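# Here is a sequence together with a model predicted from it:
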Amino acid sequence: MTTLLIADDEEAPREALATAIARLWPEAQIVAKAENGVDAWDSYLEHEPAVCFLDIRMPGLTGIDVARRIAATEHKAQVVFVTAFDDHALAAFEAGAVDYVMKPVDDARLSQAIARVKSRMVAPPADLQKLLGQLMTSGSLDALGGRRPAPPKFIQASVGKEVRMIAPEDVIFFEADSRYTRVVYGGTQPGEALIRTPLKELLAALDSDRFWQIHRSVIVNCHSIASAVRVDENTMHITLKSRSEKLPVSRQFQGLFKGQ
């Protein structure tokens, strides 16, 4: 059975799409519905659906952001974008690894998108990462609202009675720690601190070119990675340039580390 994820920040279009998919693709199973991009990414990691229908313009992470993260994982899901904006840039998706449907959902167009998804599922997987990179470079994704927000200038963390202003580039890694997030940083005053911002919210704010999620509980600054070590077929960890920790790499993210 083909598993699906639907993400849209508006309830009516989200439910309308779910109803239409149930009617046109009855053998598929919707395993998750998300109300924003952050929850969509979290649900993707939890369920690993085969197909993701992503609203392009969502708070936190856009559908483009979520697609870029999906493309970096080992599990290669198919992506269909959903949008209410009829823009010429949508034509960029026509011949690529992704498709799109317009709101309100039209059965004929949705049927065409489903047919394309099914055909791609039996063919060699396309390089979604490469396609999205080309579209970002061409400006097509910016026209669709895919421009990423500027990363924060500082991470504010409490260290005793002091509020430390940590430059993002000094952060070595973030690690989920119970109700807090542990921040390990270098720079002129290296150290550790706890912040209240959940890991999944940090993902929406950080520069995804610099900060890679490698585990459900770990985000690492890629410039701090010394090496990736494959222990066996299913197990991998990374070593760091300036610290002794070995950070685990989940199976979904092992595709980030490929020798040339």
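Thanks, I have the structure now. Residues are numbered from 1 along each chain as shown.
# Can you give me every residue that contacts Gln78?
Gln78 is in contact with 50-52, 98, 117, 120-121, counting by C-beta atoms under 8 Å, 6 or more residues apart in numbering. For glycine as for every other residue, the C-beta is placed from the backbone atoms N, C-alpha and C.
# Could you measure from the closest residue to Leu206 other than its chain neighbours over to Trp212?
The shortest distance from Leu206 to any non-neighbouring residue, by C-beta to C-beta, 6 or more residues apart in numbering, is to Pro151 (5.7 Å). Noted for Pro151: a distance of 14 Å to Trp212, by C-beta to C-beta, to the nearest Å.
# higher neighbour count, those two?
For Pro151 and Trp212, the more surrounded residue by other C-beta atoms under 10 Å is Trp212, and the numbers stand at 21 against 15.
# contacting residues for the residue lying closest to Asp55 once chain neighbours are set aside?
Distances taken as C-beta to C-beta, 6+ apart put Asp8 closest to Asp55, at 4.1 Å, once the chain neighbours are dropped. Asp8 makes contact with 14, 17, 34-35, 55, 58, 82, according to C-beta under 8 Å, 6+ apart.
# sorry, back to before: the residue nearest to Leu206 falls within a strand, correct?
No: Pro151 is assigned coil when assessed by DSSP: H, G, I helix; E, B strand; the rest coil, not a strand.
# just checking, it touches Asp207?
Yes: Pro151 is within contact range of Asp207, at 4.4 Å (criterion: C-beta atoms under 8 Å).
# which neighbours do those two share?
Common neighbours of Pro151 and Asp207, counting by C-beta under 8 Å, 6+ apart, are Pro168.
# are any of the contacts of Gln78 buried, and which?
Burial by neighbour count, 16 or more other C-beta atoms under 10 Å: within these this picks out 50-52, 98, 117, 120.
# Which members of these occur in helices, if any?
Taking DSSP state H as the definition of helices, the buried ones among the contacts of Gln78 contribute 117, 120.
# Now go through the contacts of Asp8 and say which are in helices.
14, 17.
# Just the ones of the contacts of Asp8 in strands?
34, 55, 82 (DSSP state E).
# Out of those residues, which comes closest to Ile166?
Nearest to Ile166, judged by C-beta to C-beta, of those is Ala34 at 30.0 Å.
# from what I can see that closest one touches Ser43, true?
Yes: if you go by C-beta under 8 Å, Ala34 and Ser43 touch, sitting 5.1 Å apart.
# Look at these two and report which has more neighbours.
Per other C-beta under 10 Å, whichever of Ala34 and Ser43 has more neighbours is Ala34, with 23 against 20.
# So for stretch 1-14, mean pLDDT?
In this model, stretch 1-14 has a mean pLDDT of 95.
# Can you tell me the closest non-neighbouring residue to Glu48?
Leaving aside its chain neighbours, Glu48 sits nearest to His75 (4.9 Å; criterion: C-beta to C-beta, 6+ apart).
# do you know how far the one you found is from Ile56?
According to C-beta to C-beta, His75 stands 22 Å off from Ile56.
# Sounds good, over and out.
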